[in-house]
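**Student:** Sequence unavailable; structure follows:
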């Protein structure tokens, strides 16, 4: 293109830009812009005709003003007039203005199209390129209709310059992507393929991009490109870095063109011509050989270009899947990258090996790297690399290594990121089911899954284990014994209760001979979990109880007493009430023979394809393939895949609220009914009474942050399908927190579960889990009245600068809450940096037509992101001395507000988040703790010392951290707990 002459510098434009940059305020900038717009408007409307230079200058100013964010409603005609200029710089500015400001519906589009046609017909390569660039930049359907037929002729014309061909190819590609139906396939398609032989590498590169896009829809029209692409690739691969000097990038000849050619070849099967195929194999071997050579440069650009070609070569080898030697060599090359210091290379190697594992030729070669992959799963810091490692373990699994891989994935599941936990659970369930030689191992694996990550075990998974246990007589006794032992854990996940209720109801008689698992013991164990469970699980347990009456007649009186209890016969939930009435009547009226017939053992389930694999495919998206479903099957495997999922109930139809299809996560466990009065229909989710129940969910190390809903189809890996804004109204739009908000907040400083608020209308329960700088909180809103709440809207609000310190993502809840019903809201929380004020929870709804509003402080305090830290006495005192600056210490001496009990104090300190260090303080009565507050931006180390004086009923609390505000805030929070 011609160089811009010195006279085209447009001094007026430079002065205007300088004035804008020198403006001290937004108002000054707007004032200067308005002045300039008025001047330009007067010039355009003036009687004196403007020369080309003046038009260009003023159009440039308008373009600059538009790019600053201001609307431009004039000057379009002057820009169109510039297109007819014979000066390059004027024409260039005209095209630039049109590309940026003119939309496809503009009335000027016909004039613009005429100017473009004139430039395309001018045969001036510079003007033709400008016109083609404008068409591609605008890319509207109108322009496609006007020029789609002309551009292919320019592309294949023998007299077109190389720069014009290059621009035409890219312009045609843009139009084809925008409107494929407008680009006609004709005789030019055969001629465009021959551009792969063009001497100009730029033309070849543009042509490859175009052909790759076109051949995906019309592969037969461009089939002749295979031999030409192989020929061109062979010349590039065999050339030295000095042969293609203009297209050599850090000693790598034409890397971009090589990658594009390799991708083009992946659009077709292996070449049928033996000579072409032999030449291509030789090229691929050359690339693999060059990868083993020492690098010619230490620059990262050299290795990036070299590796880009290598990985695309491996992708082509995997695509062909017909050359065993190349597949094994590719696997060995990828194996070297598994321990490379570059994270991106490790990621790409794992991803490519996942595909290689599905090939019968390279599967064994992939398996040789199992130890390296397991080590990556354990030690990688990047979660995406760990996920690819888990994918590869899943893909390389077969009967010979299934137990090792499943055990490693179970071990990883205990600390896995919550974003990928459900996917890991599904993979473990599929592998255990597919390669189970010993069914007892399969049962152990699924029960371990529920124990470790129960919140992520979907209905499909535990339905499958029930179906398999029901269909296999040889495993029923073992399953009953194993699940009975699992239910004895103090913190037992609700899914474990479901599995236990079903298996013991069907096969509990197989272990009833042991006094340790006698019928009364089995019933007592199951019933101890009853009040902690959701409605669906309690319905299943009632079915188990009636089964017990048939299996164990000695338990009849006890179970009838439970069914006769007022809490069952007058239950607010119609499903539970109906089951209790029907089961009580059945057990009282029916004879033994009738009871045995009605409650006989479930028959085997018919076999069919497993629904777990279908769920995994839905999560991974339509392109997800695995070793289990793409042809590589173990011929010796017992096909225990298949079978319909048993319904949790064996007698009555499950409640509509029971999620039997796995379409949503299992509802959180519920505790006994609230005791605030006979008219209280709300299920009390947490009990704050002295006789505290066992934990309602698994310990934080066993299950952290459960899945909310299945991902939306358009976003397979999304955790939140429709996240609501973190703060809908601003703090100024809600009322002040209620007077007792601080007192309610203090109750949650050292605990995560409980009732946050309760009045005669509403109860709000909280269940939360935190790890490092992440947390998930469940809020339970219960309608204690018999009248429906309307326009129910709970919102999280960030006061002040809290939004830069704490990110809270919420799920919307139903706008109506029925009388006696309860809805759940899930909050994902991320601590960005240390904060002092908690977010606010605003709850607004209409009750009986009257608006109700409530503002609370959400129980999220900085100590929730504590990570306990163990350290020896010497390390503690060394660190204590390092934090000796006055601003790093906060101390408070205060009177005890509660009885001074050492065990209670210890429990509160542990609940606060720090680790308690034994044998550190010389006085055994004192408490010493250490921990690290995890935020996304930084970590804040914290040491604390609590000195109780029982005689004076006083405490002295000392905290030292690396940040002064954190020390003071933690000291205030903790002091209010004693």
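**Tutor:** In hand now; what should we look at? Here the structure is a predicted model, which means the values were calculated and not measured. Numbering: from 1, shown residues only.

**Student:** Check which residues of the helix or strand harbouring residue 425 are buried.
**Tutor:** Assigned by DSSP states H and E, residue 425 falls within helix 421-434. Using 16 or more other Cβ atoms under 10 Å as the test for burial, helix 421-434 gives 421-434. For the C-beta atoms, the positions are set from N, CA and C on the backbone; glycine is no exception.

**Student:** Counting by contacts, list what whatever helix or strand comes next after that helix packs against.
**Tutor:** Note on helix 421-434: by DSSP H and E, the next helix or strand toward the C-terminus is helix 439-453. Applying 3 or more Cβ pairs under 8 Å, 6 or more residues apart in numbering; DSSP states H and E, we find helix 439-453 packed against helix 402-413, helix 421-434, helix 459-471, helix 473-486, helix 494-507.

**Student:** to the chain's geometric centre, what's the distance from the second one?
**Tutor:** In this case it means helix 421-434. 18 Å (Cα atoms, centre = their mean, to the nearest Å).

**Student:** Now do it against helix 459-471, angle only.
**Tutor:** Here helix 421-434 runs at an angle of 20 degrees relative to helix 459-471 (axes from the mean of the first three to the mean of the last three Cα atoms, to 10 degrees).

**Student:** going forward, begin numbering at 59 instead of 1
**Tutor:** Sure, I'll start counting at 59 from here, so that last one is helix 479-492.

**Student:** Show me what helix 479-492 is packed against.
**Tutor:** The contact analysis (3+ Cβ pairs under 8 Å, 6+ apart) places helix 479-492 against helix 441-454, helix 460-471, helix 497-511, helix 517-529, helix 669-678.

**Student:** Which helix or which strand is home to residue 646?
**Tutor:** With DSSP H and E as criterion, residue 646 is part of helix 632-647.

**Student:** Let me see the mean pLDDT of the helix holding residue 483.
**Tutor:** The average pLDDT within helix 479-492 is 88.

**Student:** Stretch 937-947 now?
**Tutor:** Summarised as a single mean, pLDDT over stretch 937-947 is 84.

**Student:** what does stretch 249-258 give?
**Tutor:** Mean pLDDT, stretch 249-258: 88.

**Student:** can you pull the buried residues of it?
**Tutor:** Of all the residues in stretch 249-258, those buried under the rule 16+ other Cβ under 10 Å are 250, 251, 253, 254, 256, 258.

**Student:** circling back to that earlier point, of the buried residues of helix 479-492, which is the nearest to residue 964?
**Tutor:** Among the buried residues of helix 479-492, residue 479 lies closest to residue 964 (Cβ to Cβ), at 31.4 Å.

**Student:** correct me, but the closest one touches residue 514?
**Tutor:** Yes - between residue 479 and residue 514 there is a contact at 4.5 Å, judged by Cβ atoms under 8 Å.

**Student:** related to what we said a few turns ago, could you say which one of the helices and strands packed on helix 497-511 comes nearest to residue 837?
**Tutor:** Checking the helices and strands packed on helix 497-511 against residue 837 by Cβ to Cβ gives helix 552-565 as the closest, at 18.5 Å.

**Student:** Low-confidence regions, the stretch 709-858 of the chain specifically.
**Tutor:** The stretch 709-858 of the chain contains residues with pLDDT under 70 at 709-791.

**Student:** Now with 50, please.
**Tutor:** 709-786 (pLDDT under 50).

**Student:** picking that back up, and residue 606, which of the helices and strands packed on helix 497-511 is closest to it?
**Tutor:** Among the helices and strands packed on helix 497-511, the nearest to residue 606 by Cβ to Cβ is helix 552-565 (6.8 Å).

**Student:** Give me the residues contacting the next helix-or-strand element following the closest one.
**Tutor:** As assigned by DSSP H and E, the chain's next helix or strand after helix 552-565 is helix 577-588. Contacting residues not belonging to helix 577-588 are listed as 542, 545-546, 550, 555, 558-559, 562, 566, 569-570, 573, 596, 599, 602-603, 606, 609-610, 612-613, 616-617, 620 [Cβ atoms under 8 Å, 6 or more residues apart in numbering].

**Student:** just the angle between helix 577-588 and helix 552-565, please?
**Tutor:** Going by the same axes, to 10 degrees, helix 577-588 makes 150 degrees with helix 552-565.

**Student:** I'd like the mean pLDDT over helix 577-588, please.
**Tutor:** Across helix 577-588, pLDDT averages out at 91.

**Student:** host element of residue 902?
**Tutor:** Using DSSP H and E, residue 902 sits in strand 898-905.
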